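A.B. asks: how does the following fold in three dimensions:
(one chain, ligands or ions: 2)
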Amino acid sequence: MSDLVEVLIIGVGSIGERHLRCFQASNRARLSICETNSDLRERIAQQYGIHQSYSTLDEALTNPPEAAVIATPAQLHIPIAHRLAELGVHQLIEKPLSANLEGVAELCKVIEQKQIIASVAYVYRAHPAMQAMKEAIASDRFGKPLQLIAVSGAHFPTYRPAYRQTYYTNHATGGGAIQDAMTHVFNAGEWLVGPIERLVADAAHQKLEGVEVEDTVQVLARHGEVLANYCLNQHQAPTENTITVVCQNGTARFEMHNNRWSWMVEPGGVWQDIPSDVPERDTLFINQANKFLDAVAEHATPACTIQEGMHTLHCNLAALESLTHRNWQTVPVE
Ligand SMILES: NC(=O)C1=CN([C@@H]2O[C@H](COP(=O)(O)OP(=O)(O)OC[C@H]3O[C@@H](n4cnc5c(N)ncnc54)[C@H](OP(=O)(O)O)[C@@H]3O)[C@@H](O)[C@H]2O)C=CC1
Ligand SMILES: O=C1CO[C@H](CO)[C@@H](O)[C@@H]1O
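C.D. replies: Ligands and ions are numbered 1, 2, ... in the order given. The predicted structure follows:
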């Protein structure tokens, strides 16, 4: 008997291919794929030596796998997750959990009833520097968190040259900077200092050619007593992603682009840098695959629970509502 977990990757586009490669690299999974685009399906199956590939979910689920990764556009995540959950299939669901709230509460119920592991793929949680900083803050080493400042930017056309032909063009399919990129930062902020309770957003389409959705976003938020400020664009030259948490007795800073976190406790002191080993982008996704497989093996709480993913979905939707109504929005806490 093999110890390998049977994992079906559903959607092998940009991120699905990465998941396939990174689950393969874990050496803990036997992989199959489900992809509606036949050219893509055949190319990926050949490139990665995949013997079981399916063009429809019906076909793939004739003999259900133990686990699946849902890497389709966001509006398809919930219906697919629901079908898998009914069959008792553990699942890693790409972010954002959805682009609306339809079926989300029902999915949570089925996941609980069937006792399956369901994790939302907010990959910052797989970064060793972020994990270390989270532990340091949670240990109370710097005292109570008071303020969070997140600054994030990257040149989207360089990293996603096909963005005009993907889900990104439309809010209904999970597009725009809020659902595409800011959602990662919201989720990381919530992980570090607790859930966002209210927020107000400003955003605009400033630069990206060929789309009309927002590419530049600023959000003020409250995580309980913590004041937060989130700032992001998808067109600047430098890739940077910094989250600073100012606490009562010290300040901690995660710099994803430098693969480190740092802290300072004395006024006028120097940053104490703690580097982490992330040789390439795949490293985070291999970590994420391993954490998911650990949770399945141990029947343990996964890196980002469905409830945490749902709360971040509420934040995305509240930010979009705030733009429409030009006001503060309360984010429901389940
Ligand atoms: N965590 C991260 O760093 C990243 C996360 N993402 C997230 O991952 C998700 C997918 O994004 P991305 O990979 O860029 O999207 P892509 O469009 O590149 O890939 C999605 C693939 O899924 C296929 N597909 C659509 N419906 C089905 C179905 N029912 N069954 C099987 N395959 C299907 C699509 O085919 P077709 O094109 O023919 O419809 C397409 O090939 C999104 O939610 C996105 O936000 C994306 C990038 C990075
Ligand atoms: O989740 C993601 C990670 O960042 C990428 C680049 O900004 C996004 O396109 C993607 O959706």
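A.B. asks: and whichever strand or helix holds L40, C-alpha only, in CSV?
C.D. replies: Under DSSP states H and E, the secondary-structure element containing L40 is helix 38-48. Output in CSV follows, covering the C-alpha atoms of helix 38-48 (Å, rounded to 0.1, in the frame of the first residue of the first chain):
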residue,chain,number,x,y,z
SER,A,38,-8.0,20.6,-23.9
ASP,A,39,-4.7,22.1,-25.3
LEU,A,40,-3.7,23.1,-21.8
ARG,A,41,-4.7,19.8,-20.3
GLU,A,42,-2.7,17.8,-22.8
ARG,A,43,0.4,20.0,-22.5
ILE,A,44,0.4,19.9,-18.7
ALA,A,45,-0.3,16.2,-18.5
GLN,A,46,2.7,15.5,-20.9
GLN,A,47,5.0,18.0,-19.2
TYR,A,48,4.5,16.6,-15.7
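A.B. asks: helices or strands up against the helix or strand L313 falls within?
C.D. replies: Using DSSP H and E, L313 falls within helix 306-325. Where contact means 3 or more Cβ pairs under 8 Å, 6 or more residues apart in numbering; DSSP states H and E, helix 306-325 is packed against helix 104-114, strand 118-120, helix 183-193, strand 198-204, strand 216-223, strand 329-330. All C-beta atoms are positioned from the backbone trio N, CA, C, and that covers glycine.
A.B. asks: any idea which of these is most buried?
C.D. replies: strand 118-120 (a mean of 27; mean count of other Cβ atoms under 10 Å).
A.B. asks: check whether that strand comes near ligand 1.
C.D. replies: No - against ligand 1, strand 118-120 shows no contacts by Cβ under 6 Å from any ligand atom, the least distance being 9.8 Å.
A.B. asks: helices or strands up against the helix or strand just after that strand?
C.D. replies: Going down the chain from strand 118-120, the next helix or strand is helix 128-138, by DSSP H and E. On a contact count with 3+ Cβ pairs under 8 Å, 6+ apart, helix 128-138 meets helix 183-193, strand 235-247, strand 250-255, strand 260-264, strand 272-275.
A.B. asks: right, and these - which one's nearest R281?
C.D. replies: Minimum separation from R281 across the helices and strands packed on helix 128-138 (Cβ to Cβ) falls at strand 235-247, 10.7 Å.
A.B. asks: state the mean pLDDT of the closest one.
C.D. replies: Mean per-residue pLDDT for strand 235-247: 98.
A.B. asks: off-centre distance for that strand?
C.D. replies: 17 Å (Cα atoms, centre = their mean, to the nearest Å).
A.B. asks: next, the angle from that strand to strand 260-264.
C.D. replies: Strand 235-247 and strand 260-264 are oriented at 40 degrees to each other (axes from the mean of the first three to the mean of the last three Cα atoms, to 10 degrees).
A.B. asks: direction included, what does strand 235-247 pair against?
C.D. replies: Applying DSSP bridges to the sheet, strand 235-247 is found paired with strand 145-155 (antiparallel), strand 250-255 (antiparallel).
A.B. asks: next, the angle from the first one to helix 128-138.
C.D. replies: What it means is strand 145-155. 170 degrees.
A.B. asks: the shortest one too?
C.D. replies: Orientation of strand 250-255 against helix 128-138 (the same axes, to 10 degrees) gives an angle of 160 degrees.
A.B. asks: list the contacts of strand 250-255.
C.D. replies: 127, 129-130, 133, 136-137, 141-143, 188, 240-245, 261-265, 271 (Cβ atoms under 8 Å, 6 or more residues apart in numbering).
A.B. asks: past the helix holding L40, which element shows up next along the chain?
C.D. replies: strand 53-54.
A.B. asks: that following strand - what's its average pLDDT?
C.D. replies: Rounded mean pLDDT across strand 53-54 is 98.
A.B. asks: domain map for this protein?
C.D. replies: 5-123+287-304, 127-278+312-330 (the TED database).
A.B. asks: return the residues of the stretch 1-150 of the chain in contact with ligand 1.
C.D. replies: 10-11, 13-16, 34-37, 40, 57, 71-74, 76, 94-95, 121, 123.
A.B. asks: do that again at 5 Å, thanks
C.D. replies: By Cβ under 5 Å from any ligand atom, the residues of the stretch 1-150 of the chain that approach ligand 1 are 11, 13-15, 34-37, 72, 74, 94, 123.
A.B. asks: among those, which one sits closest to R198?
C.D. replies: A74 (23.7 Å).
A.B. asks: I'd like the distance between that closest one and A129.
C.D. replies: 27 Å (Cβ to Cβ, to the nearest Å).
A.B. asks: give me the more crowded residue out of those two.
C.D. replies: Ranked by neighbour count (other Cβ atoms under 10 Å), A74 and A129 place A74 first, with 26 against 23.
A.B. asks: can I assume the more buried one is in contact with Q179?
C.D. replies: Yes - using Cβ atoms under 8 Å as the test, A74 is close enough to Q179 to be in contact (6.9 Å).
A.B. asks: center of the chain - which residue?
C.D. replies: Y122 (2.3 Å; Cα atoms, centre = their mean).
A.B. asks: pLDDT score for the closest residue to L40 other than its chain neighbours?
C.D. replies: Among residues not flanking L40 along the chain, V12 sits closest, at 6.3 Å (Cβ to Cβ, 6 or more residues apart in numbering). V12 is assigned 98 on the pLDDT scale.
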